[in-house]
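K.L.:
I need the structure of the sequence given here:
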Amino acid sequence: MFLLVQALLVFPTQIVYSQSITGRITGKVTDENGAPLPGTSVKIEGTSNGVQTGSDGTFTLNAQPGTYTIVATFISYQSKRITGIVVSSGQTSTSNISLLPESGVLNEVVVVGYGTQKKENLTGAVDQVSGKALANRPITNLSQGLQGVLPNLNIRLGDGKPNQAPSYNI
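P.N.:
Sure, this is the predicted structure:
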């Protein structure tokens, strides 16, 4: 009886432990000249598992063992798919990616909260704030810095609790 209880307690732990061992996909995203592209989105296709590259263009994705396709995207560069990346338990697979610039004329684009749009397709008002506008103001966070600087931007800071996010109304 004791051995049966012990086996029931240990066996599920072994299964959970073996399922938690993951592998990694690492690499570096560069442009056609070999310069790193910081802020590039790298994602495992068909999943929500994705990261952005660091300031040196490197990325690390954790994944369960299997074969994957990763997609790298960056504004004004062609997206690139890398297929057949094999991830093994506890191992690291390396995949360096070189992105090419979009061919054709570079149109003016505006980065909005939910993606990018061509300037001619943009509806609504767009404004920008330089560092000079914020430099001489005694602010403790970005929300306080933007308050009163951008027209038609209403910021409600709430009751002042440190973990409460402000609400932005345009």
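K.L.:
Skip ahead from the lowest-mean-pLDDT helix or strand in the chain and say which helix or strand is next.
P.N.:
Every helix and strand in the chain was compared by mean pLDDT, DSSP states H and E; the lowest is helix 2-20, with a mean of 51. Per DSSP states H and E, helix 2-20 leads on to strand 23-30 as the next helix or strand towards the C-terminus.
K.L.:
could you show me where the strands are in the chain, in order?
P.N.:
Secondary structure of the chain, counting by DSSP state E: strands at 23-30, 41-44, 50-52, 58-63, 66-73, 80-87, 92-94, 97-98, 109-112, 115-118, 154-156, 167-169.
K.L.:
Show me the shaky parts of the chain.
P.N.:
1-20, 104-125, 160, 162, 170 (pLDDT under 70).
K.L.:
domains of it?
P.N.:
Under the assignment automatic domain parsing, the domains of the chain span 7-98, 127-169.
K.L.:
can you redo those domains as a markdown table with mean neighbour count?
P.N.:
Any C-beta I mention is one placed from the backbone N, CA and C, and that applies to glycine too. Shown next, in a markdown table, are the domains of the chain (neighbours: other CB atoms under 10 Å):
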| stretch | mean neighbour count |
| --- | --- |
| domain 7-98 | 14 |
| domain 127-169 | 11 |
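K.L.:
Could you tell me which residues make contact with the closest residue in space to residue 63 that isn't next to it in sequence?
P.N.:
Nearest-residue entry for residue 63: residue 87, 4.8 Å, with adjacent residues in sequence omitted and distances by CB to CB, 6 or more residues apart in numbering. By CB atoms under 8 Å, 6 or more residues apart in numbering, the residues touching residue 87 are 22, 23, 24, 25, 63, 64, 65, 66, 67, 68, 93.
K.L.:
do residue 134 as well
P.N.:
By CB under 8 Å, 6+ apart, residue 134 lies in contact with 145, 149.
K.L.:
Make TSV out of the strands of the chain and add distance to residue 130.
P.N.:
Below are those laid out as TSV (distance: least, CB to CB, whole Å):
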stretch	distance to residue 130
strand 23-30	29
strand 41-44	27
strand 50-52	24
strand 58-63	30
strand 66-73	28
strand 80-87	34
strand 92-94	40
strand 97-98	33
strand 109-112	16
strand 115-118	21
strand 154-156	19
strand 167-169	19
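K.L.:
Good, wrapping up.
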